[in-house]
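Novice: Below is the sequence, then the predicted model.
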Amino acid sequence: MAARASLRKAAFQLSLDALYFTGAFRALRGRCAGAGVILTLHHVRPARRDAFQPNRSLEVTPEFLDGVIETLGRQGLEFIGLDELHRRLRHGSLRDRVACLTFDDGYRDNLEWAYPVLRRHRVPFAIFVASDLADRRGHMWWRTLETAVSAHDDVTITIGGTQRTFICRSLAEKIVTVQAIHRALGNLPSETAVREAVDTFAARMGIDPAAQCAAVCMGWEELAMLAADPLVMIGAHTMSHPRLAKLGRADARHEMQEGAARIEAMIGIRPRHLAYPFGDEAAAGPREFALAAELGFKTAVTTRPGVLTVSHRDRLTALPRISLNGEYQRLRHLRVLESGVATAAWNNWRRFRLAAAG
């Protein structure tokens with residue numbers, strides 16, 4: 001399975017390189033570029049030397065972020081915040097291509113490493129905060145899993161009533177273990193089942209979930225300090241970072257509403273924009289898009305790949321984003337991604353479409 005994932009990664013890198021070096025992305029850009037892009041980031045920090053980094057794809061270096069800003073600027077994209085994007089979409093005034101930078105979860109390295117780069121360039125950006133992480137009561141199950149597998153030669157976890165033991169002495173075995181547990185957790189029928197499985201696993205491995213949050217996530221004082229800068233917009237990312245589509249309607253609504261309310265209570269700013277946790281089709285769909293609109297969010301963003309088009313004014317709570325994936329830290333890959341050609345290919349060469357959110 002790990003070998004298959006590596007092959008997929010290599011194939012994607014080759015496809016990006018092919019589009020770039022053949023010039024195909026330039027030839028097709030006019031048809032595919034749309035009105036701009038919303039970019040997704042998570043961690044920004046110096047490159048680490050650790051061999052075992054199963055979540056490496058969620059981080060980029062400060063130098064790469066600096067290059068992203070300069071490259072997009074040279075391509076003529078205007079950096080704007082989500083409030084301005086909402087205004088332009090509503091009024092149909094996206095005449096020039098734009099770029100919005102967004103950061104999910106609220107990691108401390110956003111303050112330590114990303115913020116200085118963005119402030120120097122005067123680039124506005126959004127940080128979507130899962131309130132339980134800032135409250136130090138969140139469940140960062142992906143980090144719990146990485147910490148346990150990194151420190152042990154074997155791990156035992158009970159998922160869906162079945163106890164499984166994984167041998168993870170070598171790097172390859174550790175990667176296979178993480179991938180297998182990720183798949184098994186993803187197949188559970190509810191978020192409650194996922195949390196129960198990971199909580200039991202954390203207790204067995206001696207891992208404190210609250211300490212995991214405190215180690216890497218910003219607290220309310222840090223978030224308030226960022227929010228005082230007009231460049232920074234604090235958005236909502238639910239309370240506990242669940243796959244909303246796996247929750248009942250009332251619970252999904254509660255997650256979205258109370259996550260925003262907690263942010264308002266702690267830093268005095270009511271979030272106007274929302275990011276769906278995970279954000280793919282399995283995590284958010286028409287029901288969630290309708291709920292976000294019902295709760296009064298100006299926009300809500302997915303992780304479904306695509307560029308912005310004028311037609312998104314009718315789907316403001318179902319906006320696409322392009323991930324700045326840490327596995328592809330090449331500015332030439334950025335050029336292909338922002339051109340819209342790669343995402344058009346992912347979407348079968350059709351404009352990015354979502355079911356109506358009604």
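Specialist: Nice, I can see it.
Novice: How confident is the prediction for residue 3, by pLDDT?
Specialist: According to the prediction, residue 3 has pLDDT 52.
Novice: residue contacts, the residue nearest to residue 35 when sequence neighbours are not counted?
Specialist: Leaving aside its sequence neighbours, residue 35 sits nearest to residue 94 (C-beta to C-beta, 6 or more residues apart in numbering; 4.0 Å). In short, each C-beta sits where N, CA and C put it, glycine included. By C-beta atoms under 8 Å, 6 or more residues apart in numbering, residue 94 lies in contact with 35, 36, 88, 308, 310.
Novice: Restricted to strands, list the residues you listed.
Specialist: Applying DSSP state E to the contacts of residue 94, the entries found in strands are residue 36.
Novice: so is the residue nearest to residue 35 in a helix, a strand, or just coil?
Specialist: coil (DSSP: H, G, I helix; E, B strand; the rest coil).
Novice: And it, how close does it get to residue 82?
Specialist: Relative to residue 82, residue 94 is positioned 13 Å away (C-beta to C-beta, to the nearest Å).
Novice: so where's the stretch 151-300 of the chain uncertain?
Specialist: Scanning the stretch 151-300 of the chain for pLDDT under 70 picks out nothing.
Novice: Can you tell me which of the contacts of residue 94 are buried?
Specialist: Among those, those buried by neighbour count (16 or more other C-beta atoms under 10 Å) are 35, 36, 88, 308.
Novice: Hmm, the third one is touching residue 97, no?
Specialist: To tie it back to what came earlier, the one meant is residue 88. No: in this structure, residue 88 is not within contact of residue 97 by C-beta atoms under 8 Å, at 11.2 Å.
Novice: Might one say that residue 173 is in contact with residue 167?
Specialist: Yes: counting by C-beta under 8 Å, residue 167 is a contact partner of residue 173 at 5.9 Å.
Novice: Counting neighbours around each, name which of these two comes out higher.
Specialist: The residue with more neighbours, out of residue 173 and residue 167, is residue 173; 16 against 12, by other C-beta atoms under 10 Å.
Novice: Quick check: that one vs residue 58, distance?
Specialist: 22 Å.
Novice: separation between residue 313 and residue 299?
Specialist: 10 Å.
Novice: pretty sure residue 19 contacts residue 342?
Specialist: Yes: at 6.5 Å, residue 19 counts as touching residue 342 under the criterion of C-beta under 8 Å.
Novice: Please report the distance of residue 288 from residue 278.
Specialist: On the measure of C-beta to C-beta, residue 288 and residue 278 end up 11 Å apart.
Novice: what about the two, which has more around it?
Specialist: The neighbour comparison of residue 288 against residue 278 (other C-beta under 10 Å) goes to residue 288, with 27 against 19.
Novice: What residue, apart from its backbone neighbours, is nearest the more buried one spatially?
Specialist: residue 244 (5.0 Å).
Novice: Over to the residue nearest to residue 35: give its phi and psi.
Specialist: Residue 94 adopts backbone torsions of phi -90, psi 70, taken as degrees, to the nearest 10.
Novice: Need the per-residue pLDDT for it.
Specialist: Looking at residue 94, the pLDDT reads 78.
Novice: what does the one 3 residues further on give?
Specialist: Among the per-residue scores, residue 97 shows a pLDDT of 93.
Novice: Count the residues that sit near it.
Specialist: Residue 97: 19 surrounding residues under other C-beta under 10 Å.
Novice: which residues touch the residue nearest to it when sequence neighbours are not counted?
Specialist: In space, and not counting its chain neighbours, residue 97 is closest to residue 36: 4.5 Å by C-beta to C-beta, 6+ apart. Contacts for residue 36 (C-beta under 8 Å, 6+ apart) come out as 77, 94, 97, 98, 99, 100, 307, 308.
Novice: Looking at the residues you listed, which one is closest to residue 332?
Specialist: residue 77 (16.3 Å; C-beta to C-beta).
Novice: how near is the closest one to residue 296?
Specialist: 29 Å.
Novice: more crowded one of those two?
Specialist: residue 77 (19 against 11).
Novice: Neighbours of the closest residue to the more buried one other than its chain neighbours, how many?
Specialist: In space, residue 77 comes closest to residue 99 once its chain neighbours are excluded; the distance is 4.3 Å by C-beta to C-beta, 6+ apart. The number of residues packed around residue 99, counting by other C-beta under 10 Å, is 22.
Novice: what do you get for residue 147?
Specialist: 17.
Novice: Look at it and give its secondary structure.
Specialist: What three-state DSSP gives for residue 147 is helix.
Novice: Now it. Nearest residue, chain neighbours left out?
Specialist: Spatial nearest neighbour of residue 147, excluding adjacent residues (C-beta to C-beta, 6+ apart): residue 207 at 5.8 Å.
Novice: doesn't residue 148 make contact with the one you found?
Specialist: Yes: Residue 207 lies in contact with residue 148 (C-beta under 8 Å); the separation is 6.2 Å.
Novice: who's more crowded, the two?
Specialist: It is residue 148, of residue 207 and residue 148, that has more neighbours when counted by other C-beta under 10 Å, with 21 against 18.
Novice: Provide a list of residues in contact with that one.
Specialist: So residue 148 contacts 155, 201, 202, 205, 207 (C-beta under 8 Å, 6+ apart).
Novice: same check, this time on residue 141
Specialist: By C-beta under 8 Å, 6+ apart, the residues touching residue 141 are 185, 194, 195, 198.
Novice: how about the nearest residue to residue 160, chain neighbours excluded?
Specialist: Using C-beta to C-beta, 6+ apart, the closest residue to residue 160 is residue 188 (5.9 Å).
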